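J.: Sequence isn't available, so here's the structure alone:
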């Protein structure tokens, strides 16, 4: 009997187990989790669960009944502590050993730590797990001044949630703009303006050198020049680090992630990696990359399930991402780069805005704010390679949905050209 052991019960690991069954795998599946409880959805932790004044439990990914129905064994609060490649087995913290025919590493990532004095004070938080969210929810009930260290997605989602509950919020960003690694300057500016209008204070080019307290409780964040930012609640969101210690100790190649090929296989033919921990060759990025998104986790799991059930599948799904920040719904389709040529669309002050990003004349990414219609069209265009040229997007009255409709009509009519080259 084959036995697939999956390490990690987040979005990637849970989807992996389900997709194996969907693809017809009938042998044993074991899902090993370091956390207590059943798998849950992580995106709402920094959004919906914090906005509500009443505490609610995280939304489940899979219930006990669903796991039982699909004959998936879940081992809770018992992390894998070692991989024995010669015997195809893993050791759990409880002392139990599991043999595997294939091992899937979905170990995820952990918060990068802020290494300054005072991070051990009460009122200082990180946000990654359901337990983190529960502690933050409790702290929000009595907080008056919150400081967010880091102007990335998680930090801004928390900032918007805290501000909606009447708390004074200051966001401290080391760089010159928000979400600089992921967003174009135009979209970054638009989001910053919206947060400022909501009453959130944004401070750029600033580094926190210490957290100061009154006894055991945090009272202020201290900037590089001694500026004090009042705070009885501090949330640190300065990125994550992939959990790669297990494969590294087992002699598998790692480099800012677990190195896998286009089929998501590691250097060991029986070991695979998916989700936030995996560094994979990405044709759209033009290099090996690691993606931190639910889309990436779920699509990699589905691709690998096909491979393990006899249909080898390279992972090449279009990356897409979303972030809800207060009244703003930010969506990204594709991958941008720092040297992209950008074409803004719409009035940033209207609440609806989009930015089309081109690399060497080819559309590679579309960012949209409060415009799901454009986002869905962008995903379709980039997936099918039915992309408009720069001249199309800069023309007066350009509409991506209308462009796709015209392209589809042209393809059905037998038109040969840019709009139909990979669309049948």
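T.: Alright, I've got the coordinates. This one's a predicted model, so the numbers in the text were calculated from it and none came from an experiment.
J.: Based on its surroundings, how many neighbours for residue 74?
T.: Other residues within reach of residue 74, judged by other CB atoms under 10 Å, total 21. (Glycine included, C-beta is placed from N, CA and C.)
J.: Next up, identify which helix or strand it is on.
T.: Applying DSSP states H and E as the criterion places residue 74 in strand 72-75.
J.: Which neighbouring elements make contact with that strand?
T.: Packing partners of strand 72-75 (3 or more CB pairs under 8 Å, 6 or more residues apart in numbering; DSSP states H and E): helix 11-22, strand 28-32.
J.: Can you tell me how far residue 223 is from residue 213?
T.: Between residue 223 and residue 213 the distance, using CB to CB, to the nearest Å, works out to 16 Å.
J.: quick one: which of the helices and strands packed on strand 72-75 is nearest residue 392?
T.: helix 11-22 (35.7 Å; CB to CB).
J.: Could you tell me the angle between that closest one and strand 28-32?
T.: Helix 11-22 and strand 28-32 meet at an angle of 170 degrees, taking axes from the mean of the first three to the mean of the last three CA atoms, to 10 degrees as the criterion.
J.: And helix 11-22, what's buried?
T.: Taking 16 or more other CB atoms under 10 Å as the basis for neighbour counts, the residues of helix 11-22 that come out buried are 11, 12, 13, 14, 15, 16, 17, 18, 19, 20, 21.
J.: same check, this time on stretch 27-44
T.: In terms of neighbour count (16+ other CB under 10 Å), stretch 27-44 has its buried residues at 28-35, 38-44.
J.: In the protein, where is pLDDT below threshold?
T.: Regions of the chain meeting the criterion pLDDT under 70 cover residues 410-424.
J.: Just give me the neighbour total for residue 23.
T.: Using other CB under 10 Å, residue 23 has 16 neighbouring residues.
J.: Tell me who's in contact with the residue nearest to it when sequence neighbours are not counted.
T.: For residue 23, ignoring the flanking residues on the chain, the nearest one in space by CB to CB, 6 or more residues apart in numbering is residue 309 at 4.1 Å. Remark: with contacts taken as CB atoms under 8 Å, 6 or more residues apart in numbering, residue 309 is in contact with 20, 23, 24, 25.
J.: Do I have it right that residue 283 meets residue 315?
T.: No: with the criterion set as CB atoms under 8 Å, residue 283 and residue 315 do not qualify as a contacting pair; they are 10.0 Å apart.
J.: So for those two, which residue has more residues nearby?
T.: Using other CB under 10 Å as the criterion, residue 283 and residue 315 rank with residue 315 on top: 23 against 10.
J.: Backbone dihedrals for that one, please?
T.: Taking degrees, to the nearest 10, you get phi -90, psi 120 for the backbone angles of residue 315.
J.: Please report how far the residue nearest to it when sequence neighbours are not counted lies from residue 213.
T.: Excluding the flanking residues, the one nearest residue 315 by CB to CB, 6+ apart is residue 303, at 4.6 Å. From residue 303 over to residue 213 the distance is 48 Å, taken as CB to CB.
J.: neighbour count winner among the two?
T.: Between residue 303 and residue 213, residue 303 has the larger neighbour count (other CB under 10 Å), namely 22 against 19.
J.: wait, what's in contact with the more buried one?
T.: Contact partners of residue 303, counting by CB under 8 Å, 6+ apart, are 263, 264, 313, 314, 315, 317.
J.: Confirm that residue 162 sits in a strand.
T.: No: under DSSP: H, G, I helix; E, B strand; the rest coil, residue 162 sits outside any strand and is assigned helix.
J.: any idea how far residue 273 is from the spatially most central residue of the chain?
T.: Nearest to the mean C-alpha position of the chain, by CA atoms, centre = their mean, lies residue 293 at 2.7 Å. Spatial separation of residue 293 from residue 273 under the definition CB to CB is 16 Å.
J.: What is the burial count for the residue lying closest to residue 347 once chain neighbours are set aside?
T.: Counting by CB to CB, 6+ apart, residue 347 lies nearest to residue 353, which is 7.1 Å off, once chain neighbours are set aside. When counting by other CB under 10 Å, one arrives at 24 neighbours for residue 353.
J.: Same list (the helices and strands packed on strand 72-75) but as JSON lines, adding distance to residue 53.
T.: Shown next, in JSON lines, are these (distance: least, CB to CB, whole Å):
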{"stretch": "helix 11-22", "distance to residue 53": "27"}
{"stretch": "strand 28-32", "distance to residue 53": "34"}
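J.: wait, which of the ones you listed is closest to residue 105?
T.: Each of the helices and strands packed on strand 72-75 has some distance to residue 105 by CB to CB; the shortest is helix 11-22, at 8.9 Å.
J.: Now do the contacts for residue 110.
T.: 128, 240, 241, 243.
J.: for residue 127, same thing?
T.: In this structure, residue 127 makes contact with 45, 46, 111, 133, 136, 154, 158, 235, 237, judged by CB under 8 Å, 6+ apart.
J.: Kindly recompute the last result at 7 Å.
T.: 45, 46, 133, 136, 154, 158, 235, 237 (CB atoms under 7 Å, 6 or more residues apart in numbering).
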